[in-house]
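**Q** here's my sequence, what's the structure:
(chains A, B and C)
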Amino acid sequence: MEITLTHYLLLAMTVFLTGMVGFVVRRNAIVMLMCVELMLSSVNIVFAAYSRFHANADGHVFVLMNFAVAAAEAAIGLAILVEIFRRRRTVNVDDLKALME
Amino acid sequence: MESHATESLLRWIVLVPLLAAAVGGLLNRRLPKQVAGLLACGAVGVSFALSVTVFLRLTRMPAAERFVSDTMGTWIGFGNLQIDLGFTMDPLSGVMALVVTGVGFLIHIYSLGYMAHDEGFGRFFAYMNLFIFAMMTLVLGENMLMLFVGWEGVGLCSYLLIAFWFNDEANAAAGKKAFIVNRIGDFGFLLGIFLIGTTLLPHLAEGEGLFSFRTLQHHAGIMAPVATAICLLLFLGATGKSAQIPLYIWLPDAMAGPTPVSALIHAATMVTAGVYMVARMNFLFVLSPTAMGVVAAVGVVTAIFAATIALTQNDIKKVLAYSTVSQLGYMMLACGVGAFGIAIFHVMTHAFFKALLFLGSGSVIHAMSNEKDMRVMGGLKKKLPITFWTFLIGTLALAGIFPFAGFFSKDEILWKTFSSELGGVLPWALGFLAAGLTAFYMMRLVVLTFFGENRASAEVKSHIHESPATMTMPLVILAVLSLVGGWIGWPHFMGGGAWFEQWLAPVFSSGHGAAAHGAAVHGAAAGEAVHDTMMEWILAGASLAWGLIGLGVGYFVYMKKISIATSLRNLGGGVPYKILLNKYYVDEAYEGTFIRPGYLLSKNVLWKIVDAGLIDGLLVNGSALVVAITGSVLRLFQNGMVRFYAWSFTIGVTVFVLYLSFSG
Amino acid sequence: MEGILFWVFGSMMVFGGLMMVVQRSAVVSAVWLIFAFVSAAGIFALLSAPFLAVMQILVYAGAIMVLFLFVIMMLQGPVLEGDQKLLGRSLWPAVAIPPLAIVVMIVGYVMRNGLTGWGGPAPEGFGSPEHVAGLLLGKYLLAFELISIVLLVAIIGALAVGKDERKLPWK
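**A** A predicted model of the protein is given here:
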């Protein structure tokens, strides 16, 4: 069977849903961040697939931008987690309820 | 080119006092008193010297071209609206600049002595410099908006200085009163400016500055249909600033400030701003006989009204304050009959002798340990010789005795009132009557203060002393000016050249060109047309004699036969006296007609219904209620569980995908 | 050939993702994520995006994941106590139904509309470093410059957040 655009999109969907479920079920904030990275990655696959489909490499530029944003997000997010850990000695999101009301 | 150098001097006339005010005000107490005083006086001195320089440059120009301008750039510019930031000096503003900086300089010197022991020495001089800055902006501003900036600036400084000793609540209240009453006038003034703007804007050519006085003068004809409205609105502003009926009530209360302030702001300079503005806009006023009539009527009524109140006041500064109101009435009268030049002439001579009188009264108050009530003064002639003699000169000038300055200006006003088409016998008679009253109450003041026995307590008596040289020197200089200052307006019929009027003629003659366009008042300022030398001599003699009679009666009544004063007081059951003493109950009337209903309206309608009911109840609490209800629903989602938030996000994604797949 | 490679890399990626989610230890999760990212690089290569494939390995699998591992080791032992049990049984339907619904809808959509094929082979040099660099430094130069500012801000932000407050230079 020939591999088509649809195959890549379905792959991206599967990966995205995996990350999404992981984001909901995990309590460890670091792992939750990793799930976000996984979802971002699946989006990158969609970009690349459509770039190939339209024979237009603009999508590749977007992917690169996404890399940068993901890196920035990881850096800031982890810095915040480190700071939270310093104060609360935990990164379990169920213990972090200061946002309530 | 020399003119270039002179032109850029113009901005420094204005900016030097501002810089000094900034430095003095910011450093305030960190500066030693000597430095602060020197800085302030020096700044005004520089300003005066620059004014003289530019003025001399003006005198060397041909009469019709006397105009120096210094544009610093565009202030507001979009579309065809162009307003420049710049200063100009023509004969009119030149005279005003000299008077303001010159008299201002003398008063600054005087303040060095008067305020020497005051806590707020630095603050005082910073405010005074700021005032000079604002006043010079008002006088030299190139357009109406600059004038308005200065106009508000002097109002602010006036407020700050009236309430200078703000620890006393009465002073603070007087400051607020001055500010609020002035706001009423300013409101009218601002509306007038808007009206000018909307009328003129569609007719302007490219690059023509809206509100620039040159433009206004050039296009006066366009404004002819609404000239009456504009002029009345502008004049409302003038009644506020120049203390005319009905807005004069703030000026007597303004005497709460330090005496040099009363002399500078509330006698010599700021209160003449209204007169200056009317004179500046003469080309508009002559287009509207109605407005001119109103100006003249308000002026003459104010003159006599305030003079009668001054008869009975016991506070030495209050007498002078009402006298100022009365003299400002004269100036307005002169404007109203089209004699703008004479009005400015009176502004100048009045600045000299009224500043002198106020500073003299300051010297008296200083000597009497801050006592202002004349009933406990008396016999100060021997103890304060310089003050006495200079004060007497000021009194003679104010009473209009030949050859003191006041004679020339006041007599000219009365003559123009009598001879002008806009004037007549009735306004002349009222003005004439007020002149006699002026002489009388001034003599009363002199006698009560300087003659007879001293009625003060022994303790105060022992402290009486002549003021230091920094205070007496300005007195002497002003006394000399009060004597000779009027001679530059020596009228034609007495063999003079009326040089002052000629000097200003270019500013006002162009107004008549517009008047011809607007088909309005021809012989407005043309008293010459009915020039009757004989009549002029008779009237001059009459007013001189009348002034002397006033002085004589005053001296006789208060020196020799005090019983007459007592019986006058009891005349008609003492009712007229009481009315005068209480200033015709105008303050009370305003209280009853405006303040109290306004207060009740605010309290019962605006506060209880509009504010408490509508705004607080419906809008504020109502919107709060909506938010509260929404919030109590939304808070169910704000449970602090991060994973719950994440789950909500998955639901969102799901709904989005479902929507996409069903819609497409 | 492409078909085989797609199935290999695709299943590796999905498997890596799933393992990341179900592993209790954060370190092991991170390693599984690296595995998934490397597979994603393979997918990029199949999509005629060799430059992206290289960047995916360098940036993601290399830099970002190293950062994650660093933080994990800095903060906590291998297993977080709270993650001993992933989810209460009663909550499984709430978590499982939305993704399942999405899968059903999308698979249904594909069944109805069939597959969308490529329009033809990729052009010569498509997605090569030269090609992407031309775009990045030409058409998207402004975005390229702006993203550097984003990174700069992220660096400063991370420093500001992560550093001990008393030792911040502006305190």
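**Q** low pLDDT regions in the stretch 401-550 of chain B?
**A** Residue ranges of the stretch 401-550 of chain B with pLDDT under 70: B:510-531.
**Q** so where do the helices sit in it?
**A** Secondary structure of the stretch 401-550 of chain B (DSSP state H, counting those that start in this stretch): helices at B:405-419, B:425-450, B:458-463, B:469-484, B:499-518, B:533-555.
**Q** what are the buried residues along the longest one?
**A** This means helix B:425-450. Across helix B:425-450, burial judged by 16 or more other Cβ atoms under 10 Å in any protein chain shown covers B:427-428, B:430-450. In short, each C-beta sits where N, CA and C put it, glycine included.
**Q** report the rounded mean pLDDT for stretch B:204-220.
**A** Averaging pLDDT along stretch B:204-220 gives 82.
**Q** can you read off the pLDDT for B:Asp70?
**A** 86.
**Q** picking that back up, and the helices of the stretch 401-550 of chain B as a markdown table, adding distance to B:Asn314?
**A** Supplementary listing: these in a markdown table, determined by distance: least, Cβ to Cβ, whole Å:
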| stretch | distance to B:Asn314 |
| --- | --- |
| helix B:405-419 | 24 |
| helix B:425-450 | 9 |
| helix B:458-463 | 17 |
| helix B:469-484 | 24 |
| helix B:499-518 | 37 |
| helix B:533-555 | 15 |
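**Q** any idea which of those helices is most buried?
**A** helix B:405-419 (a mean of 27; mean count of other Cβ atoms under 10 Å in any protein chain shown).
**Q** how close does the most centrally placed residue in chain C sit to chain B?
**A** Centroid check for chain C by Cα atoms, centre = their mean gives C:Phe37 as the closest residue, at 6.1 Å. Remark: distance between C:Phe37 and chain B (Cβ to the nearest Cβ, to the nearest Å) = 22 Å.
**Q** tell me who's in contact with that residue.
**A** Neighbouring residues of C:Phe37 by Cβ atoms under 8 Å, 6 or more residues apart in numbering or on different chains: A:41, C:16, C:56-57, C:60-61, C:65.
**Q** any idea which of the residues you listed is closest to chain B?
**A** A:Ser41 (16.5 Å; Cβ to the nearest Cβ).
**Q** flag the shaky bits of the chain, pLDDT-wise.
**A** Picking chain A for this. Ranges of chain A meeting pLDDT under 70: A:1, A:98-101.
**Q** that's the wrong chain, I meant chain C
**A** C:76-87, C:164-171.
**Q** what parts of chain C come near chain B?
**A** For chain C, the contact set with chain B under Cβ under 8 Å from any Cβ of the partner chain comprises C:94-95, C:98-99, C:101-102, C:105-106, C:108-109.
**Q** any chance of a markdown table for those, columns secondary structure?
**A** What follows is the residues of chain C next to chain B, written out as a markdown table (DSSP: H, G, I helix; E, B strand; the rest coil):
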| residue | secondary structure |
| --- | --- |
| C:Ala94 | helix |
| C:Val95 | helix |
| C:Pro98 | helix |
| C:Pro99 | helix |
| C:Ala101 | helix |
| C:Ile102 | helix |
| C:Met105 | helix |
| C:Ile106 | helix |
| C:Gly108 | helix |
| C:Tyr109 | helix |
